[in-house]
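A.B. asks: Below are the sequence and a predicted model; questions follow.
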Amino acid sequence: MTTAASALPRAQSLAFRLAMAMGFILVLVVLASMVAATRFGQAASDEAFDRLLRGAALQIAERISVSEGEAQVDLPVSAFELLSLVATDRVFYRVIGPDGKTMTGYGDLPPPDEEAPNSFYNTRFKGVDVRAFKLTRQLAERTISGEVVILVAQTTRERTALANSIALRAVLIIAAAGILFLLLALLVLRVALRPLARVERAILEREANDLSPIAIPAPKEIAVLVSAINRFMGRLDRRIEAMQNFVADAAHQIRTPITALRAQAQLALEEKEPARLERLHRRLYARSVGLGRLADQLLSQALVSHRADTAEKERIDLRRVAIEAERALHAATDRTVALDLPDGPVWVEGDPVSLREAVKNLLNNAAKYGAPPVTLRVAHCGSRHAAITVHDHGDGLPEELAARIGERFTANGIGPDSAGLGLSIVASVARMHDARLTRGTCADGFSIGLEMAAA
Amino acid sequence: MKRVFFIALLLLTALPAWGTETRLEAPGTAARDLVIESSTDFAIFEPMLRAFQSGHPDVAITYRELTTNELDDHVSAACEAGRFVADLVVSSSVDQQLKLVNDGCALALPAEARAGLPDWARWREELVGLTFEPAVMVYNRAYFTGRAVPQSRFELIDLLRESEDFIGKIGTYDIQASGVGYLFAFQDALQASTWGRLVESLGRNRARLFCCTAEILDRVADGRLLVGYNVLGSYALQMIRSDERIGIVLPSDYTLVFARAAFVPATARAPELAETFISFMLSPAGREVLTAQMRLLSPIDGAQELARMLADGSADARTFRPVAMTPALLVGLDRAKREIFLQEWRAALPSGDIAAGSP
């Protein structure tokens, strides 16, 4: 068991597979969350810092007045104290009068490209990135009208730092949660797989020839495995039993004729009288033919019972089965059988080899115990069934033998010369194909065959 | 842009005429050059330069002394043109220095060159405060013998209102001429509502205006003035050590404090050397030189040192209002704002009185 396992390519553990899959998902999630968190961080940071810019601009706007027909601005310190809350960012400002000239501040601070009266925008000033706010104040005095534009700008160091820190924290939390989840999942997996170890122990602790079902409580998923193992062991058990039976049967069946053969051969050795010797030779020959047929039937039985477990059923034409069986019989015994076949194919699902063996045995029986002529007939039987039937002109099966069809062929009374062994093969094949064994007696003889579902 | 370049070229050719330049040759084998532009007198700064050279004998130092406005013009023009101006720029005009840093003219300093500085005395990684400069009131001891010395702005306003003695006898900075004077006045206006009444009182008493602290101190000492308002504490403290005639008051309502600000220009040739110099100046050894030889205070421990020097307890750290290095200082420099502020000032203090104070 262990050597077989180690010969297999080493499979990865469930935990490892799960960890890989979840690790991959985790990486995807973290990557996605990095993108999302960066955007979110930038937006959150912009929102916070933009308020300061807007507040400062509004405070400056409040201090715009008109005196002697000219716009004046008296810069409030509070506006700049507000901007100084962002401790390390540089501050730029510009106030543009109704005449388009810079009233005060940095004359080269660029306004936004768009015309909107109030807007936030990003630009570059003095070689660095700045975030700026443009605020427009309408003047409508007797002496002067037009608009005063206030630009307030700040470098982006702290807002970028805040955005990055928000993003980093979010990603770290997600990653940490993901890793924790991964570890917990592996732990849970370990607990969940514990019943498997119980099954393993239960199997290892068994006696070598104990093939009885494993009876341990297991969760549903594991129970599926346990019942699969049980089914497998059941099949193994049946196979081993069949094998033992076969060996026992074969030994029993073959020992008697061989003993008889040996005794007659011995007699023949001692017999000097030619006429008696001649008779003994004939008997020896008959015996050995019977023994050959017996061996053939035993092997046939073994073949059929083996195929019952293993053979794939296929779609076959019963006419073909009939032709092959007839040909095989002809080759072995020189007997002739009449074939009665329909013009069209008769399709069934089945194992061609087993069916041929069954038909061969039926033909053998008919040739041996029935009366010629023997006919092999294939026919549709209603729309859903097909039948293959052997017909002869004999008396048919004795009742007490018919009742025992299907029993194991070792049972006493079913000798190698009897029809019982062949019938038990037929019965096996019928079971294998869910077919019905039909037999009937009528005025012109006896018929026996298999009736099965048409495909 | 062309014009800027032209002006820069003019400045470059006119350079020798700007300020006074002093060169300290390296005590050892000269290998490195450190160029400092400063608004502080060379005589005051010399001990620090010498002390630095004794630790770094391969450094030759060129010290260029300019007024705050000259320094600002010079450095900003060089910054615009991307041209070398100095390895270190030191000025008492914190607002102008902050604007230069805001305009991207400075290099980031390593953490050790900023270590220990309080928040108000640094901005970004670029601007650092080197000194601790309170704005104080000084008085003539002879006049105030037997009279109560005003301890706060309120008391000063009351005194000016009640007495006729101070007409033409009170002096302060001419904020139109002095960067530091403007800075103090502007901060005063922000700090409290007393500013309006104070300016009014100064105007009514025909206050005399001066360009520099030294002139006010001289006049208060010899009795030509009785009170000096908003003078640089560092000079006053130095003077009261040797001169009995003068007294000093840290206003108890609040005392403005600022720091001379330094940064390394982006175009510096020896930025590491300048960083080393700043680190040295802020180190315990450098602070020792600062207090013992330069008679200045350090932003790191200035408040405690001041309390130690004025043992009467008037140096209360809670009343100190440091002028923080933040972009809020840009407001004072704003063209329109400055115009409005000076208009109010001129309205209260007619220009006729300024002439009287001029040297």
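C.D. replies: Arrived safely, thanks for sending.

A.B. asks: how about residue A:92, what does it touch?
C.D. replies: A:105-106, A:109, A:125-126, A:130, A:132, A:151-154, B:102 (Cβ atoms under 8 Å, 6 or more residues apart in numbering or on different chains). Where you see a C-beta, it was placed from the backbone N, CA and C, and this is true even at glycine.

A.B. asks: Give the bridge partners for residue B:20, please.
C.D. replies: Note on residue B:20: beta-bridge partners by DSSP bridges are residue B:65.

A.B. asks: was I right about it contacting residue B:65?
C.D. replies: Yes: Residue B:20 sits in contact with residue B:65 when judged by Cβ atoms under 8 Å, with a separation of 5.1 Å.

A.B. asks: for chain B, what helix or strand is lowest in average pLDDT?
C.D. replies: Within chain B, no helix or strand scores below helix B:352-357, which has a mean of 43 by mean pLDDT, DSSP states H and E.

A.B. asks: Wait, a strand at residue A:135?
C.D. replies: Yes: assessed with DSSP: H, G, I helix; E, B strand; the rest coil, residue A:135 lies in a strand.

A.B. asks: So for it, what's the nearest residue that isn't a sequence neighbour?
C.D. replies: residue A:57 (4.0 Å; Cβ to Cβ, 6 or more residues apart in numbering or on different chains).

A.B. asks: what's the neighbour count on that neighbour?
C.D. replies: By other Cβ atoms under 10 Å in any protein chain shown, the residues close to residue A:57 number 27.

A.B. asks: what do you get for residue A:381?
C.D. replies: Residue A:381 has 17 nearby residues by other Cβ under 10 Å.

A.B. asks: what's the answer for residue B:91, then?
C.D. replies: Counted with other Cβ under 10 Å, residue B:91 comes out at 26.

A.B. asks: How about the contacts made by the residue nearest to it when sequence neighbours are not counted?
C.D. replies: Closest residue to residue B:91 apart from its sequence neighbours, by Cβ to Cβ, 6+ apart: residue B:39 at 4.5 Å. Taking Cβ under 8 Å, 6+ apart as the criterion, residue B:39 is in contact with B:65-68, B:71, B:90-93, B:260.

A.B. asks: can you give me the helices for the stretch 151-300 of chain A?
C.D. replies: Using DSSP state H, counting those that start in this stretch, the helices of the stretch 151-300 of chain A run over A:157-192, A:194-204, A:220-270, A:274-310.

A.B. asks: buried stuff in the host helix or strand of residue B:203?
C.D. replies: Using DSSP states H and E, residue B:203 falls within helix B:194-204. For helix B:194-204, the neighbour count (16 or more other Cβ atoms under 10 Å in any protein chain shown) marks B:194-195, B:197-199, B:201-203 as buried.

A.B. asks: In strands only, show me the contacts of residue B:39.
C.D. replies: Among these, the members falling in strands (DSSP state E) are B:65, B:90-91.

A.B. asks: which stretches of chain A have low pLDDT?
C.D. replies: Flagging of chain A using pLDDT under 70 yields the residue ranges A:1-11, A:400-420.

A.B. asks: List, one by one, the residues from it near chain B.
C.D. replies: The interface of chain A toward chain B, taken as Cβ under 8 Å from any Cβ of the partner chain, is made up of A:72-77, A:79-81, A:83-84, A:87-88, A:90-93, A:95, A:103-105, A:126-128.

A.B. asks: 7 Å instead, please
C.D. replies: By Cβ under 7 Å from any Cβ of the partner chain, the part of chain A that sits against chain B consists of A:72-75, A:77, A:80-81, A:83-84, A:88, A:90-91, A:103-104, A:126-128.

A.B. asks: Filter those down to the buried ones and hand me the PyMOL line.
C.D. replies: In PyMOL syntax, the buried subset of the residues of chain A next to chain B is picked out as below (16+ other Cβ under 10 Å):
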select buried, chain A and resi 72+73+74+75+77+80+81+83+84+90+91+103+104+126
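
A.B. asks: sorry, back to before: would you reformat the helices of the stretch 151-300 of chain A as TSV and include mean neighbour count and distance to residue A:424?
C.D. replies: Below are the helices of the stretch 151-300 of chain A laid out as TSV (neighbours: other Cβ atoms under 10 Å in any protein chain shown; distance: least, Cβ to Cβ, whole Å):
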stretch	mean neighbour count	distance to residue A:424
helix A:157-192	15	50
helix A:194-204	13	36
helix A:220-270	13	10
helix A:274-310	15	7
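
A.B. asks: want to throw those into CSV with distance to residue A:41?
C.D. replies: CSV is the format used below for those (distance: least, Cβ to Cβ, whole Å):
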stretch, distance to residue A:41
helix A:157-192, 4
helix A:194-204, 44
helix A:220-270, 43
helix A:274-310, 66
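
A.B. asks: Give the buried residues for stretch B:288-307.
C.D. replies: Going by 16+ other Cβ under 10 Å, stretch B:288-307 has these buried residues: B:289-291, B:294-303, B:305-307.

A.B. asks: Could you tell me the end-to-end distance of it?
C.D. replies: 16 Å (Cα to Cα, to the nearest Å).

A.B. asks: How about residues contacting it?
C.D. replies: Contact partners of stretch B:288-307, identified using Cβ atoms under 7 Å, 6 or more residues apart in numbering or on different chains, comprise B:44, B:47-48, B:51, B:116-118, B:121, B:129, B:131-132, B:134, B:234, B:237-238, B:259, B:282, B:287, B:315, B:317, B:320.

A.B. asks: same check, this time on stretch B:107-124
C.D. replies: A:88, B:98, B:101, B:125-126, B:128-129, B:259, B:264, B:266, B:268, B:271, B:275, B:278-279, B:282, B:299-300, B:322, B:324-326.
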